[in-house]
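> give me a 3D structure for the following:
(one chain, ligands or ions: 2)
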Amino acid sequence: EESHCTSVAGMVKLLDLEAQLIDNLEDYAVELEKKLETVRRSITSLRLENDKARSSTEEYLSNPLNSFSLIRRMNRDWMIWQLYMEDPIGLPQVEKIQELREHMPTNTDVEEAVTALDRIQNTYGLKVSHIAHGLLNGKQYNVSFTALDTYAMGQILFDQENYLAAASWLYQSIVLMEVYKLPAPLELSKNEVQMVYAETLLKLNQNADALKVVNIALTDRPHDIKLLMKKSEIETLIRTGTKSAPLLKKTLQVQGTEAPTAYQMGCRGQFPASTDGRLHCRYNSTTSPFLILAPLKMELVGLDPYMVLYHDVLSSKEIEELQGMATPGLKRATVFQASSGRNEVVKTRTSKVAWFPDSFSPLTLRLNARITDMTGFNLHGSEMLQLMNYGLGGHYDKHYDFFNQTNSNMTAMSGDRIATVLFYLTDVEQGGATVFPNIQKAIFPQRGSVIMWYNLKDDGVPNTQTLHAACPVIVGSKWVCNKWIREREQLFRRPCLKKRL
Ligand SMILES: O=C(O)CCC(=O)C(=O)O
Ligand SMILES: [Fe+2]
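Ligands and ions are numbered 1, 2, ... in the order given. Have a look, this model is predicted:
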């Protein structure tokens, strides 16, 4: 599976593919035009001859050449015209689309995209009507949805039994269909959308509203048998007070009215500012000798877990090189599953990654040296550099970076992940923060900065305060690079190591 929407960089090729499809459609138009021109030209000369004949029929037909020709052409030429008309146009172009289909997004891709947009809506508490009009988290963009987009959202959310969200998108579809007429082969049936909307309202036990929708549809098509049947079905439900659907938990909540979770607050930038006087900013020139020459701007973010943010660590040139080397090899990210003991693709982590061994290039060597400068850790036995690009609503749900597994083959060789170093390669216009809900910290990506924290406590025990998540990106192409540092090699480096090991 390509999983197109999970990385912005990975979607670039879709635009090239679309350009090919448009070129192909243009070739098809040229074929149609050629045929049309042939037909029009012939009509002119045929009509000329026929008009001349009909202006003096007797005289015309008395000439044997004319009458012969008339008989012949009506017997033969019109047969040829019929064949010509039947001959399909643009078959090579039709085949070409078929051929390109295998590179195009699948139904699964669309479902993933729907889930991603719904995630943005939920996490940031956005209104569907705002999203549809390009108003994203309070900022107006010069882009909006057509009813085709909103209807796809509605239909798929309905299939996923997310009726509450489906209802908002379907309502938007009806609104949008009024204001903008879709081009011919793509037009939607208003009746169909109204029916799905009514069905959704029934699922939400909003029977009276469903009846209203059906009645509105009936004003357009008063004799439509399906609508009439639906109407009487709903009237019966209302009369008998029957609930048409069991009340789902999801259905009971009125969207946007529940208090946001700590995670959602973090993503929205609503955590209170820290009042801990021990947190400060300074130039770090001591973690390694190199820093005497090039001190790093360091911001102490938290003490439990110990967490620091370094600013301006990467240059633009380095960032471009990293993106360039990662882009061709980006693959859907996986997560280690304790149940299967393997890394698997999961819904809770949507991004694409590329891994690079320490000695991949002078840049990766330099980057690792810098990580050692920043952390004081020896990277021997640690994991490869991981470059990551997020896509549409790309996120990584709440998780720990440590394995917390004794005797696991993941930790046997090099120990657990003692620390995480996360480089931000890009600013993210909206969304995409790294949030630590338990300690109420949210780090918003800044191009070139690095966040580093300890996943294990001083005694080597996993610190559950490190629970964190990557919030869905709203607008932007979020690039990060991370390094999971393993514990074993730090035996003599990390101060206060008490037991274990
Ligand atoms: O991208 C982020 O903000 C966090 C990523 C992360 O937590 C991870 O890759 O383990
Ligand atoms: Fe993580």
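> pull up the residues of the stretch 51-200 of the chain that are close to ligand 1.
On the criterion C-beta under 6 Å from any ligand atom, ligand 1 has no neighbours in the stretch 51-200 of the chain. Just so you know, the C-beta spots here come from the backbone N, C-alpha and C atoms, and that holds for glycine as well.
> strands along the stretch 51-200 of the chain, start to end?
135-136, 139-140 (DSSP state E, counting those that start in this stretch).
> would TSV of these with mean pLDDT, distance to residue 69 and mean neighbour count be doable?
Supplementary listing: those in TSV, determined by pLDDT from 0 to 100; distance: least, C-beta to C-beta, whole Å; neighbours: other C-beta atoms under 10 Å:
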stretch	mean pLDDT	distance to residue 69	mean neighbour count
strand 135-136	98	69	18
strand 139-140	98	69	10
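> redo those as a markdown table? Include distance to residue 408.
Listed next are those as a markdown table, based on distance: least, C-beta to C-beta, whole Å:
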| stretch | distance to residue 408 |
| --- | --- |
| strand 135-136 | 42 |
| strand 139-140 | 45 |
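> which positions in the stretch 301-450 of the chain make contact with ligand 1?
396, 401, 422, 434.
> show me where pLDDT drops low in the stretch 301-450 of the chain?
406-407 (pLDDT under 70).
> just the strands in it please.
For the stretch 301-450 of the chain, the strands defined by DSSP E, counting those that start in this stretch cover 306-311, 331-332, 335-337, 342-344, 351-356, 385-390, 396-399, 417-424, 430-431, 434-436, 441-443, 450-454.
> closest residue of the stretch 251-400 of the chain to ligand 1?
Ranked by C-beta to the nearest ligand atom, the top residue of the stretch 251-400 of the chain for proximity to ligand 1 is residue 396, at 5.0 Å.
> now the helix ranked longest in the chain: how far from the chain's centre is it?
Secondary structure assigned by DSSP state H gives helix 8-55 as the longest helix of the chain. Centre-to-centre, helix 8-55 and its host chain are 36 Å apart (C-alpha atoms, centre = their mean, to the nearest Å).
> that one packs against which elements?
Helix 8-55 sits against helix 57-62, helix 91-100, strand 385-390, with contacts defined as 3 or more C-beta pairs under 8 Å, 6 or more residues apart in numbering; DSSP states H and E.
> next, the angle strand 351-356 makes with the last one.
Spelled out, that is strand 385-390. 160 degrees (axes from the mean of the first three to the mean of the last three C-alpha atoms, to 10 degrees).
> returning to what we had before: using TSV, lay out the strands of the stretch 301-450 of the chain together with mean neighbour count.
Output for these, formatted as TSV (neighbours: other C-beta atoms under 10 Å):
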stretch	mean neighbour count
strand 306-311	20
strand 331-332	16
strand 335-337	13
strand 342-344	11
strand 351-356	21
strand 385-390	24
strand 396-399	17
strand 417-424	25
strand 430-431	22
strand 434-436	25
strand 441-443	21
strand 450-454	24
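> so which of those gets nearest residue 157?
Closest to residue 157 of the strands of the stretch 301-450 of the chain, according to C-beta to C-beta: strand 396-399, at 19.4 Å.
> and for residue 491, the neighbour number?
11 (other C-beta atoms under 10 Å).
> now swap in residue 12 and tell me
With neighbours defined by other C-beta under 10 Å, the count for residue 12 comes to 12.
> do you know how far it is from residue 77?
Note on residue 12: its distance to residue 77, by C-beta to C-beta, to the nearest Å, is 53 Å.
> wait, which of the residues of the stretch 301-450 of the chain next to ligand 1 is closest to residue 140?
residue 434 (26.7 Å).
> quick one: residues contacting the nearest residue to that closest one once chain neighbours are set aside.
Distances taken as C-beta to C-beta, 6 or more residues apart in numbering place residue 443 nearest to residue 434, at 4.6 Å, with adjacent residues excluded. Neighbouring residues of residue 443 by C-beta atoms under 8 Å, 6 or more residues apart in numbering: 301, 309, 433-435, 451.
> try it again with 10 Å
Residues in contact with residue 443, defined by C-beta atoms under 10 Å, 6 or more residues apart in numbering, are 266, 299, 301, 307, 309, 422, 424, 433-436, 449, 451, 453, 468.
> how about the contacts made by the residue positioned nearest the centre of the chain?
In the chain, the residue lying closest to the centroid (C-alpha atoms, centre = their mean) is residue 392, at 2.7 Å. Contacts for residue 392 (C-beta under 10 Å, 6+ apart) come out as 4-8, 11, 112-117, 119-120, 350, 472-473.
> for residue 189, same thing?
Going by C-beta under 10 Å, 6+ apart, residue 189 touches 177, 195.
> and for residue 110?
4-5, 152-153, 155-156.
> what do you get for residue 96?
20-21, 23-25, 27-28, 90.
> quick check: pLDDT value at the residue lying farthest from the centre of the chain.
Distance from the C-alpha centroid of the chain peaks at residue 62, with 75.4 Å (C-alpha atoms, centre = their mean). For residue 62, the pLDDT comes out at 96.
> how far away is it from residue 56?
10 Å.
> near the residue lying closest to residue 14 once chain neighbours are set aside, how many other residues are there?
Leaving out its chain neighbours, the residue that sits closest to residue 14 by C-beta to C-beta, 6+ apart is residue 4, at 6.3 Å. By other C-beta under 10 Å, the residues close to residue 4 number 22.
> hang on, residue 4 packs against residue 107?
No. Using C-beta atoms under 10 Å, residue 4 makes no contact with residue 107, being 11.9 Å away.
> list the buried residues in stretch 115-129.
Of the residues in stretch 115-129, 115-124, 126, 128 count as buried by neighbour count, 16 or more other C-beta atoms under 10 Å.
> swap in stretch 152-171?
Result for stretch 152-171 [16+ other C-beta under 10 Å]: buried residues 152-158, 162-171.
> which ones among those residues lie within helices?
Taking DSSP H as the definition of helices, the buried residues of stretch 152-171 contribute 152-158, 163-171.
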